[in-house]
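Asker: Return a 3D structure for these sequence lines:
(2 chains)
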2 protein chains.
Amino acid sequence: MIQVNRNYGKLKESYLFYNISRKVKAYQAEHPGVKLYRLGIGDVSLPLCEAAVAALRQAAEDQGNPERFQGYTPECGLPFFREAVSAHYAGRGIALEPEEVFVSSGASDELGDILDLFEASSAAYIMEPAYPAYIDASIMAGRRIVRLAAGPENGFLPTPEREPDADLIYLCSPNNPTGAVYSREKLKQWVDYANARGAVILFDAAYEAFIESDLPHSIFEIEGARTCAIEICSLSKTAGFTGTRLGYTVIPKELERGGMNLNAMWVRNRTTKTNGVSCILQRGGAAVFTPEGQRQVMENIHYYKRNARIMTEALAEAGTEYWGGENAPYVWMRCPEGMKSWDFFDRMVREIQVIGTPGEGFGSCGEGYFRLSAFGRAEETAEAARRMKEWLKGLRGQRGEGK
Amino acid sequence: MIQVNRNYGKLKESYLFYNISRKVKAYQAEHPGVKLYRLGIGDVSLPLCEAAVAALRQAAEDQGNPERFQGYTPECGLPFFREAVSAHYAGRGIALEPEEVFVSSGASDELGDILDLFEASSAAYIMEPAYPAYIDASIMAGRRIVRLAAGPENGFLPTPEREPDADLIYLCSPNNPTGAVYSREKLKQWVDYANARGAVILFDAAYEAFIESDLPHSIFEIEGARTCAIEICSLSKTAGFTGTRLGYTVIPKELERGGMNLNAMWVRNRTTKTNGVSCILQRGGAAVFTPEGQRQVMENIHYYKRNARIMTEALAEAGTEYWGGENAPYVWMRCPEGMKSWDFFDRMVREIQVIGTPGEGFGSCGEGYFRLSAFGRAEETAEAARRMKEWLKGLRGQRGEGK
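Answerer: Numbering: from 1, shown residues only, chains lettered A, B, ... in the order given. Below is the predicted model of the structure:
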């Protein structure tokens, strides 16, 4: 009898976004026709920029042209794509060889696939609240998980304070769900820690395009990162590729562990286990890194950042504590009046028809917090923010009256 | 210190197609301007059919349209794609629920990813000659490999004759590299064997579109397969998607092992480790399954099958033994005069400038054989076949003279 991967049996049955969807459907069934304001999901609402669309369309056209048809592509990425990413990093003062850039189908795919490089015996060091797939992918591999709680005392940006036996370090900055962004100083602490231990940092930079300040976009802005970090990037939030799919991963040539070179291992993984990523998508992705493409995607990012500001202003006016929303598309708020996050979710849907994401879904230390996403349409976000402001003020008023 | 996957160190350093490419480059450097005839690589040479191109182009266009923009898609596949594949199977008399069809980025990607469902302790049962990635992916997982030699005595279609301790059975029909196609009767033996042992068959059907006879396209034409098989399919060879990338995988809902349902496990894998496959590619793929798409892709398949016939006719006229090439894009020939396959490769490049694939690259029992691919352009294939015929005749003549 074949042995199946029994770790799948250890996964919790229900999933955060599935639960939300179930609750929303139940509400809609009881209240047909009532409009809901969605600040819950991490999906984008704006279409792709024209530069990307034009490149995708031309690439599709070329696949029907005998002279320009593209068959199998190099598994690690087409040279023009790897060079476009490398040039984009160079524009930020980070020197990368194109051979250190690997094309991917997106950050979520890559965060799963990359684990093949490591033994399941090396535990994962995951700061919570966290993107649930970090945890689930580790459980599926039978990997032990060491949790590091982030909280308001460290601005949701913990640094390594103890020495757990865990060497696969997940960092996400700008953070999903808290919107917190690591400073150079704090990242340096992680880099030094990883180099000292021989750990490896998986740096999830999916939201880096939202940074417009001196905060680091890439872990490779930090000295020493080339010997301890893998950076996983995505065009999903940078350029709205959530359904189009494309990402890239940086593995420096200096990254070695136990006498093995991780860049070379990943080349071997990709050449054995894939036949590359669609040439059509790589053409669309490269267009994002042209000057015109960058100008267009930044327009969309500014649209979402205006949404974030509208939400944070509403929360501030209501006197509600929050984090993020400045160099990130997520706002992380404290549930009012000591409410639990699923109770807050249920009550906000019922009373003002606004949907968000309960913090508890990102780990137990997310209990009592709530995530709002800036990826909605501006009109809806503004109305949701207006409703939240009044409602949250009212909740405070009720408490005041009750005293 | 993090523990890396040391199995990567057990992989052989060089790779079949890399070696060929190195030798060809060396020949070209010594003989600049000499034309080479390539019957070596498995890549297609015809562009995508018009139905697929039109759908891809429209899908790209839609990604720029606020009304038609598609964000995150269901991880297991967009309903229209799963339904198109399910309807395609229904047309062949195979009933599949759309939820038994999973979209993939292609067969090579899926053959790597799907291994996550099984413990590395279950050995792989691989018939050789075989696609090298079957072996390498198993080595990377630290999985023991039991080899089953295929040879002329069984028409390169072995059936289970012994009971090795190996429960992950790889079958590829039409076969790469031999072009041999399993009959219903022989496949039934594998299905019965797998059900009796509690093994699982990974059925690689990447070349099924080349079958135009009563031979089975799908393992699900065989009674009992729904409780023991996973079928891995690709549009690469069906519709020329080698660089465009798209495939699908069938996991029946009845497939259970050790109390776990493999369809449900794969849903969990996809929802955790991916965010689905590009909506653009799924639109292009669905167009392949329309009546017009099917008519167009079959035109291309007939073009390649004419190439295969030209090659087999040339080999027959030269008195060279061969297999395949009838319901498959590959012709598998015996190297003449007891030559070893890399010697034959070297000599054929030097003497008639034709490139093929040495059988030894597909496993040690492929030694003394050689693979020819029908995926080239018709003019080139015809000239290569003409050269081979005369040259092979000459080699026999030399032996005759030498006696």
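Asker: Can you tell me the closest non-neighbouring residue to residue A:140?
Answerer: Nearest residue to residue A:140, sequence neighbours excluded (C-beta to C-beta, 6 or more residues apart in numbering or on different chains): residue A:7, at 5.3 Å. (Each C-beta comes from the backbone N, C-alpha and C, glycine too.)
Asker: ok, now which ones touch that neighbour?
Answerer: Taking C-beta atoms under 8 Å, 6 or more residues apart in numbering or on different chains, we find residue A:7 in contact with A:139, A:140, A:141, A:142.
Asker: What mean pLDDT does the helix or strand harbouring the first one get?
Answerer: Think residue A:139. Residue A:139 is part of helix A:132-140 when elements are defined by DSSP states H and E. On average, the pLDDT along helix A:132-140 is 92.
Asker: That helix packs against which elements?
Answerer: Judged by 3 or more C-beta pairs under 8 Å, 6 or more residues apart in numbering or on different chains; DSSP states H and E, helix A:132-140 is in contact with helix A:107-113, strand A:124-128, strand A:145-149, helix B:262-273.
Asker: and the residue lying closest to residue A:155 once chain neighbours are set aside, backbone torsions?
Answerer: Once flanking residues are discounted, residue A:155 sits nearest to residue A:180: 5.9 Å by C-beta to C-beta, 6+ apart. The phi and psi values for residue A:180, taken as degrees, to the nearest 10, are phi -70, psi 150.
Asker: and the gap between residue A:306 and residue A:10?
Answerer: Using C-beta to C-beta, to the nearest Å, residue A:306 is found at 42 Å from residue A:10.
Asker: Between the two, which is the more surrounded one?
Answerer: Taking neighbours as other C-beta atoms under 10 Å in any protein chain shown, residue A:306 and residue A:10 compare with residue A:306 leading, 14 against 10.
Asker: Tell me which helix or strand that one sits in.
Answerer: helix A:291-318.
Asker: Also residue A:372?
Answerer: If you go by DSSP H and E, residue A:372 is part of strand A:369-373.
Asker: again with residue A:185
Answerer: If you go by DSSP H and E, residue A:185 is part of helix A:184-197.
Asker: what packs against that helix?
Answerer: Helix A:184-197 sits against strand A:168-172, strand A:200-204, with contacts defined as 3+ C-beta pairs under 8 Å, 6+ apart.
Asker: Please report the distance of the residue nearest to residue A:140 from residue B:201.
Answerer: Distance, residue A:7 to residue B:201, using C-beta to C-beta: 23 Å.
Asker: Spatially nearest residue to whichever residue of the stretch 1-150 of chain A sits closest to chain B (excluding sequence neighbours)?
Answerer: Residue of the stretch 1-150 of chain A nearest chain B, by C-beta to the nearest C-beta: residue A:112 (3.0 Å). Sequence neighbours aside, residue B:273 is the residue nearest to residue A:112 in space, at 3.0 Å (criterion: C-beta to C-beta, 6+ apart).
Asker: The one you found against residue A:137, yeah?
Answerer: Yes. With contact defined as C-beta atoms under 8 Å, residue B:273 reaches residue A:137; the gap is 6.0 Å.
Asker: what is in contact with those two at once?
Answerer: A:111, A:112.
Asker: hmm, back to that, could you export the helices and strands packed on helix A:184-197 as CSV, including mean neighbour count?
Answerer: Formatted as CSV, the helices and strands packed on helix A:184-197 follow (neighbours: other C-beta atoms under 10 Å in any protein chain shown):
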stretch, mean neighbour count
strand A:168-172, 25
strand A:200-204, 25
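Asker: can the ones you listed go into TSV with extra columns for distance to residue B:49?
Answerer: Formatted as TSV, these follow (distance: least, C-beta to C-beta, whole Å):
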stretch	distance to residue B:49
strand A:168-172	42
strand A:200-204	39
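Asker: what mean pLDDT does stretch A:190-205 have?
Answerer: Per-residue scores along stretch A:190-205 average to 97.
Asker: cool, stretch A:114-122 as well?
Answerer: On average, the pLDDT along stretch A:114-122 is 95.
Asker: Distance from that stretch to the middle of the chain?
Answerer: The chain centroid and the centroid of stretch A:114-122 are separated by 21 Å under C-alpha atoms, centre = their mean, to the nearest Å.
Asker: Could you tell me the end-to-end distance of it?
Answerer: End-to-end distance of stretch A:114-122 (C-alpha to C-alpha, to the nearest Å): 14 Å.
Asker: what does that stretch contact?
Answerer: With contact meaning C-beta under 8 Å, 6+ apart, stretch A:114-122 is reached by A:137-138, A:141-143, A:166-168, A:200, A:202, A:230, A:232, A:249, A:262, A:265-266, A:269, A:273, B:2-6, B:8, B:140.
Asker: I'd like the distance between residue A:260 and residue B:1.
Answerer: Distance of residue A:260 to residue B:1, given as C-beta to C-beta: 12 Å.
Asker: Same question for residue A:396.
Answerer: From residue A:396 to residue B:1 the distance is 52 Å (C-beta to C-beta).
Asker: what does residue A:223 give?
Answerer: To residue B:1, residue A:223 is 21 Å away according to C-beta to C-beta.
Asker: So which bits of stretch A:92-109 are buried?
Answerer: A:94, A:96, A:98, A:100-109 (16 or more other C-beta atoms under 10 Å in any protein chain shown).
Asker: Let me know the average pLDDT across that stretch.
Answerer: Mean pLDDT, stretch A:92-109: 97.
Asker: Closest residue of the stretch 251-400 of chain A to chain B?
Answerer: residue A:273 (3.0 Å).
Asker: Wait, that residue touches residue B:108, no?
Answerer: Yes. Look at residue A:273 against residue B:108 with C-beta under 8 Å: they come within range, at 6.8 Å.
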